[in-house]
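>>> build me a model from this:
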Amino acid sequence: MASEWIFNGQWIMDKPFDYRMEDQDYYTNNPHTLLKKTFFLENVAEAKLYVASLGYYLCFINDQRVGKAELNSDWTNYTRCIYYDEYDITSYLKKGENTILFELGNGMYNPAPLKLFGKYNLRERLAEVGDPRLICDMVMNDSLIVSSDHSWEAKQGNLLFNNLYLGEKIDFTKESGSWASVNVARFTQQSLMKKSFIPKIKKQASMNATKITLFKEGIFVDFEETLSGFICATFDCISEKKIRIKYAEDFCNGQFDFGSSYAGSVGATIRNGRISGGSGAPKEGLQQDVLICKKGRNIFENRFTYHSFRYAYIEGCSLEEITEIKGIPVFTEVKQVGFIHTDHSFYKELYQASIHTKRNNIHSVFEDCARERLGYGGDMVALAKSNLYQFNLETLLKKTINDFHYEQTEFGGIPETAPYMGIQTNGTGPKEGPLLWQLVYPYVVAKHYQFYGDLAFVEQQYPFIKKQLNYLLSREIDELAKCCIGDHGSPLIAGNFSAQTPDKEFVGYCTILLFIHWNIRLREILNKKSVWLEQQYDRIKTLINCRFLNEDGSYGEGTQTSYIFALYTNLGNSEILATNLRKTIEENQFVFDSGIFGHAFAYEVLNNYDMNDLVEKWLLQESAISFKKMLENGNKVLSELFTGTQLSKNHAMFASYPQWYMEAVAGLTIAEEAIACSKVIVSPYFPKDMNHFKMEFEAKSGIFKVSWERKAGQLIYRLSYPEAVEINIVHRTNYHVKNMTADRQCLQIVYTESE
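You can find the predicted model right below:
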């Protein structure tokens, strides 16, 4: 990797804004900042621009937009790292006078003092906040020609308000003010500057509204599916007309459901009380944009926020005044590498819903939903395998792991969310998360090596992972196991997040085993001995058996969660546990009632123990608790929960099932000991309601392609794979091999099914 750019410029900004006591004036008009520099060139040659911002920025040179990234720059802990961008700007420049202009937005550097969930004020909890600012250098033929300094000018723009959660307010009638000197801060943070290396947040193809009609006192707009992104709307109206656009993820019983995306649930009613956002905050954390129009044509498109919506409700104008309205999906442009096609329409719909929901919630961090927009480690653990089978995450996962590393406490604990913003539910200590959320550190680093094979990254991170494990194991095991939320999201607690999750204490002990297991795996990768860790693993298994093993071979309360965790961590008698897990699911009418971790582990466990028929019956379930019920509204995205209230309608935490498409239906499991997908276990399963299936997976090692079909009473399975990959074939007992042919990169197996 090339050495980092050393900035010559200084941080520049407009004059600081006084938000008064408790920052309550944040919600009043505070126009966004414009920064400008005019410069002259005698000739034009190859030129580069290096730029970093605290907050978001847009760049223009000679009135041309530079780059295609949105909501830039990458959010992280700004006291530990500031990412900068590099652009080739040769084509934007001209001989003579040139102008470079930046617009700055608040982003997560200047958040509202809104108290998320009535208690977490980001301005008090994030590592650093302040007014947006920027630093840049322009270089031509390796010579510095422009730097951000006192010679630049600043003024206010017409964006009167911008907040990532709450939206934007723009005044198209506002006259352009005069330029004034910028404020300059001495630059002392060069050691924090790192070149951005992840895919950028970008616009995707715009979507036309499918329905625009009068509704009550306003206008109803439907885009037919839920997206996260911008609105682009054109209005032709009279001067000073005030238009308000509100955004909703759902519409039911003749009403918009704005509450599913209330920022931090502010305005939601829980236990007969309404959650308050604090001093000066709006009563409801609505996603909305406000336009003050000029006479004639007004074109509005979001700049520094995005919304999660299928529906928009427009107040303040007539149908005739709307010239055009589009939705623009906007997300981190991770490349899709896992594709499936099948003749079964719902399996296709379900797979695409997972892709759609996940993309909707990636904006330089893996977010959970629009209501929170936070990077939860637990969600990342639950979704890691399915994500890796669907997207190229080689760089984004590195950035994500660094986000957690930057927030590691002096003792070694990892936060529940990274960047850390105050949430530490039942954590191991101040600024530390619960166990399954902290598992993200060793687990995702190991998965990264398994799929991408970057040994240097493991070497870089392991000393800090070891510090985390030593810290956790220095605690009394009984007390440590209690630092657990458990199997989050289980339908058994019907959306009551304060209720006891299934087999919570048992899950806590199992999670300690998982910490040790993944640390042992990382030490294997680094060729280090693990005798002490293996002894600790055996000791804790013995303790678990003493405390939780029942006479019938089950553990704890005998919930689906307990069976899944026991099998996943190799406890007890696997034959008894698998038999009883099947019985438990069958007695529950094939409904999976575990939480997000139980679901993720179940797809692996049930495949390993040849119980994929249970997964079939679950994924095609038509009961009140089912994916079909979740998708019946036509939004084409998943919801946070299967049952309950106060839930997001655009949330991916139960989207772990795509790993089953890969490992069972395609029959490809990346072996745990693989290096960059170098070793694969082949063991296909053929769902009863599926006759044709195709899969393509672009791995680090090359492209895998699977196709199979039912034909004349036979199952014909074909696989092509990269030359260097080791293939291990495991035939399932309910399929008989009729014939098999193979060469170095192709495999064909013809099966007949058992009656």
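
>>> residues contacting stretch 624-644, please?
The contact list for stretch 624-644 (C-beta atoms under 8 Å, 6 or more residues apart in numbering) reads 224-226, 249-250, 252, 310, 346, 349-350, 352-354, 356-357, 360, 368-369, 489, 491, 494-496, 591, 593, 619-623, 647-655, 657. Heads up, the C-betas are built off the backbone N, CA and C, glycines and all.

>>> what do you get if the cut-off is 7 Å, keeping everything else the same?
225-226, 250, 310, 346, 349-350, 353-354, 356-357, 360, 369, 489, 491, 494-496, 591, 619, 621-622, 647-655 (C-beta atoms under 7 Å, 6 or more residues apart in numbering).

>>> where does Val458 fall, phi/psi-wise?
Main-chain torsions, Val458, degrees, to the nearest 10: phi -60, psi -50.

>>> the one 3 residues further on too?
Torsion angles at Gln461 (phi, psi; degrees, to the nearest 10) stand at phi -90, psi -30.

>>> now do the contacts for the nearest residue to it once chain neighbours are set aside.
Nearest residue to Gln461, sequence neighbours excluded (C-beta to C-beta, 6 or more residues apart in numbering): Val445, at 5.2 Å. Val445 is in contact with Ile401, Val458, Gln461, Ile465, Leu522, counting by C-beta under 7 Å, 6+ apart.

>>> tell me which element Val445 falls in.
For Val445, the host element (DSSP states H and E) is helix 440-452.

>>> kindly report the same for Glu224.
strand 218-237.

>>> what average pLDDT does that strand get?
Regarding strand 218-237, the rounded mean pLDDT is 97.

>>> just to revisit the earlier point, highest neighbour count among the contacts of Val445?
Among the contacts of Val445, the one with the most neighbours (other C-beta atoms under 10 Å) is Ile465, at 25 neighbours.

>>> report pLDDT for the residue lying closest to it once chain neighbours are set aside.
Spatial nearest neighbour of Ile465, chain neighbours left out: Pro442 (5.0 Å); criterion: C-beta to C-beta, 6+ apart. Here the pLDDT value assigned to Pro442 is 98.

>>> ok, Ser498 next?
69.

>>> where does this structure have its least confident helix or strand?
Lowest by mean pLDDT, DSSP states H and E among the helices and strands of the chain is strand 269-270, with a mean of 84.

>>> which stretches of the chain have low pLDDT?
Scanning the chain for pLDDT under 70 picks out 1-2, 186-188, 495, 497-498, 755.

>>> okay, strands next: where are they in the stretch 551-700 of the chain?
668-670, 679-682, 692-699 (DSSP state E, counting those that start in this stretch).

>>> who are the packing partners of the longest one?
Contacting strand 692-699 under the criterion 3 or more C-beta pairs under 7 Å, 6 or more residues apart in numbering; DSSP states H and E are the following elements: strand 338-342, strand 702-711.

>>> and with 8 Å instead?
strand 338-342, strand 668-670, strand 702-711 (3 or more C-beta pairs under 8 Å, 6 or more residues apart in numbering; DSSP states H and E).

>>> export the next helix or strand after the first one to CSV, keeping only CA atoms.
If I follow you right, that is strand 338-342. Using DSSP H and E, the next helix or strand after strand 338-342 towards the C-terminus is helix 345-360. C-alpha atoms of helix 345-360 as CSV (Å, rounded to 0.1, in the frame of the first residue of the first chain):
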residue,chain,number,x,y,z
SER,A,345,-40.9,-18.1,-6.9
PHE,A,346,-40.9,-17.6,-3.2
TYR,A,347,-37.4,-18.8,-2.7
LYS,A,348,-36.3,-16.3,-5.3
GLU,A,349,-38.4,-13.5,-3.6
LEU,A,350,-36.9,-14.4,-0.2
TYR,A,351,-33.3,-14.3,-1.5
GLN,A,352,-33.8,-11.0,-3.2
ALA,A,353,-35.4,-9.5,-0.1
SER,A,354,-32.3,-10.3,1.9
ILE,A,355,-30.1,-8.6,-0.7
HIS,A,356,-32.4,-5.6,-0.9
THR,A,357,-32.7,-5.2,2.9
LYS,A,358,-29.0,-5.5,3.6
ARG,A,359,-28.0,-3.0,0.9
ASN,A,360,-30.6,-0.6,2.3
